[in-house]
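A.B. asks: Using only what follows, build the 3D model:
(one chain, ligands or ions: 1)
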Amino acid sequence: MKPIRIGLLGCGTVGGGVVKLLRRHAAMLSARLGTRLELAGVADRSLTPDRALGLTSDLITRDAAALVARPDIDVVVELFGGIEPARSLILKAFETGKDVVTANKALLSQHGDRIFKAAARRGRFIGLEASVGGGVPIIRTLREALVGDRQRAVYGIVNGTCNYILSTMAESGADFADVLAHAQRSGLAEADPTLDIDGHDAAHKLSLLVTLAFGVLLKPNQVHTEGISRITLQDIAYAREFGFTVKLLAIAKNEDGTIEARVHPTMVPSRHPLASVSGAYNAIYIQGEALGSTMYLGLGAGEMPTATAVVADIVEIARMRLAGATEASDHALGYPYSALKAARIKPMERVACQYYLRFMAEDKPGVLGRIASVLGRYRISIASMIQQERAPQVPVVMRTHEAREHDLMVALTEIRRRKFVTAAPVFIRIEEQL
Ligand SMILES: NC(=O)c1ccc[n+]([C@@H]2O[C@H](COP(=O)([O-])OP(=O)(O)OC[C@H]3O[C@@H](n4cnc5c(N)ncnc54)[C@H](OP(=O)(O)O)[C@@H]3O)[C@@H](O)[C@H]2O)c1
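C.D. replies: So this is what the prediction gives:
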C-alpha cells in the first residue's frame, strides 16, 4: 500500500519528539497500519541535518508554505505554535486536501471557529489530541470512550508548570518566587511564564474541554481566570490544617445547559485523588451521569509524551485515508461543528462554593465578632476557624459554608475598609464536593 506522507511544521521540542517516535516505532506503526508513515518534509527556520534522526538536507526546508502546498503530502503536522503563520498554513493545508494535526491550544481555542469550519467545508480532519493534557489521551477519551454518557463536570489539573510550582511549595516549603526560578532553570517553566502562571494556558485548554464534554462553544476570555502568583506558603499551611491541598484547577460544570467555567487556585480535599497529582503531572477528573467519576493522569507536556499524542492523531488520519475515505467525518470536537452553539454561561457572581478566608487584623477584643458580623450580613457563615497565638497583628483564618461569590466580594470589600484590618483579605475557593 502507498505510504502516508507527513509534512512537519516545526522541529522543536514536540516536533523533534515526533521525528524520533516515527523513526523508533516505524516497524510497529507499519504493522499496525499495514503501510508506512513517511516523513516527507520538515519546515523549520533553524533546523540543520541530523543523521541520528534521519533528517537529511533534502527533507529540510525554510519554506513552510511550499511544503504545505506539495501534492504528495497527506497530513500536515503543525508544531510551530503561536497564531501566525500557523493559522494560515493550516487553512492552506485544508484547501489543498490535507488533513492536519496540531498541538496548538492557543490557536484552536481563540481562532478555532475559522479552522474547524474550514476543515468541515473541505471534508478534512483536524487532530488535536496533544493540545490538552500533553500525553494524557483526554480528547479521544471524551470524544470516543465517553461518547455514550452525558458529562456533568470536568476538573482539570492541566498546567504542569503551575502544578509543579504549587506541589513543590507544599513539599519543600520554598516560596513561589524561588520555586518559579528553579523551574525556569530546569526547563519546567518558560523564560516568560506569564501564560502559564496567570492561568491563561489552562483557560485555553478548558475552553476545548468544555466543547468536548458539553457540546457548546466557549472562548477562553469567557472563562473566569486567576493565576497562582498570590498563593503563599502560609495559605498552603493553613489549607493543610483544614485538610485541603491547593491546586490550580480548571473547572467546568453543566447545570441543565448553563455552563460554569473557571480557572483559579482551588482547595481540594487532601484525600481526593486530584490532591495527590504532583510535579509536572496533569490529571482530568470527569463526572459523568451514567459512568460516575473517572480520572485520567499522565505527563501533560514534554517531548515524548506530547509526541505520542501527535502520532496517535497521525495514525487515526492514516486509518481513515487507508479505508478509502475521500472525506473525513466532522467529529474532531465530538460533534459536527455546525451543531455546536455558543455556551450559555453562568456569571461568576452567581457561582456558589465554600471559601477559605484569611484576614490580617490588629489583636483587639471583638475583632473576630466584627468580621463575623459583616460576613453574616451577607449570608456567609463560618464553618471552622484556626486560632492564633497572640501578637500585635494576627491572621484570622476561617472556612465558610457555601456562599455566593457576589456576596463574598461585597463582604470582603466592606471588611477591608475597617481600621482593624491591616491588609487585603485573602480568599481561596474550596471544592469540597468533588
Ligand atoms: N512543549 C510541550 O511540552 C508542549 C505540550 C503540549 C503542546 N505543545 C504545543 O506544541 C506546539 C509546539 O511547541 P514546542 O514546545 O515544540 O515549541 P518549540 O520547541 O518552540 O518548537 C517550535 C519550532 O518551530 C520553529 N518555528 C516556529 N515558528 C516558525 C516559523 N514561522 N517558521 C519556521 N520555523 C518556525 C521554531 O524555531 P525557533 O526555535 O527558531 O523559533 C522551533 O524549532 C505549540 O503549539 C505548543 O503550545 C507543546
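
A.B. asks: C-alpha only now, for contacts and for neighbours.
C.D. replies: Fine.

A.B. asks: the helices in this protein, which residues?
C.D. replies: 13-24, 26-33, 64-69, 86-95, 105-122, 138-140, 160-172, 176-185, 194-197, 200-214, 233-242, 303-322, 367-377, 405-416 (DSSP state H).

A.B. asks: Would you mind confirming that residue 105 is in contact with residue 207?
C.D. replies: No - using C-alpha atoms under 8 Å, residue 105 is not in contact with residue 207; the gap is 9.4 Å.

A.B. asks: got the residues of the stretch 51-200 of the chain near the ligand?
C.D. replies: Within the stretch 51-200 of the chain, the positions lying close to the ligand (C-alpha under 6 Å from any ligand atom) are 79, 80, 81, 85, 103, 104, 130, 131, 134.

A.B. asks: Just give me the closest of these to residue 29.
C.D. replies: Of all these, residue 29 sits closest to residue 130, with 18.5 Å by C-alpha to C-alpha.

A.B. asks: does the closest one really touch residue 79, like I thought?
C.D. replies: No - proximity of residue 130 to residue 79 does not meet the contact threshold set by C-alpha under 8 Å, at 10.2 Å.

A.B. asks: Between those two, which has more neighbouring residues?
C.D. replies: More crowded of residue 130 and residue 79, by other C-alpha atoms under 10 Å: residue 130, with 29 against 24.

A.B. asks: shared neighbours of residue 130 and residue 79, which are they?
C.D. replies: Listed as contacting both residue 130 and residue 79 by C-alpha atoms under 8 Å, 6 or more residues apart in numbering are 102, 103, 104.

A.B. asks: Wait, the second one touches residue 133, no?
C.D. replies: No - using C-alpha under 8 Å, residue 103 and residue 133 do not qualify as a contacting pair, with a distance of 10.1 Å.

A.B. asks: So which of these two has more stuff around it?
C.D. replies: The neighbour comparison of residue 103 against residue 133 (other C-alpha under 10 Å) goes to residue 133, with 30 against 24.

A.B. asks: check contacts around the closest residue to that one other than its chain neighbours.
C.D. replies: Distances taken as C-alpha to C-alpha, 6 or more residues apart in numbering put residue 300 closest to residue 133, at 4.5 Å, once the chain neighbours are dropped. By C-alpha under 8 Å, 6+ apart, residue 300 lies in contact with 132, 133, 134, 135, 136, 158, 159, 160, 280, 281, 282, 306.

A.B. asks: what pLDDT does the residue nearest to the third one when sequence neighbours are not counted get?
C.D. replies: Once flanking residues are discounted, residue 134 sits nearest to residue 300: 4.1 Å by C-alpha to C-alpha, 6+ apart. At residue 300, the pLDDT value in this model is 92.

A.B. asks: circling back: quick check: which of the helices of the chain is buried the most?
C.D. replies: helix 200-214 (a mean of 26; mean count of other C-alpha atoms under 10 Å).

A.B. asks: Please list all residues in contact with residue 37.
C.D. replies: The contact partners of residue 37, by C-alpha under 8 Å, 6+ apart, come to 3, 4, 5, 6, 22, 26, 29, 30.

A.B. asks: in the sheet, who's paired with the second one?
C.D. replies: Which is residue 4. residue 37 (DSSP bridges).
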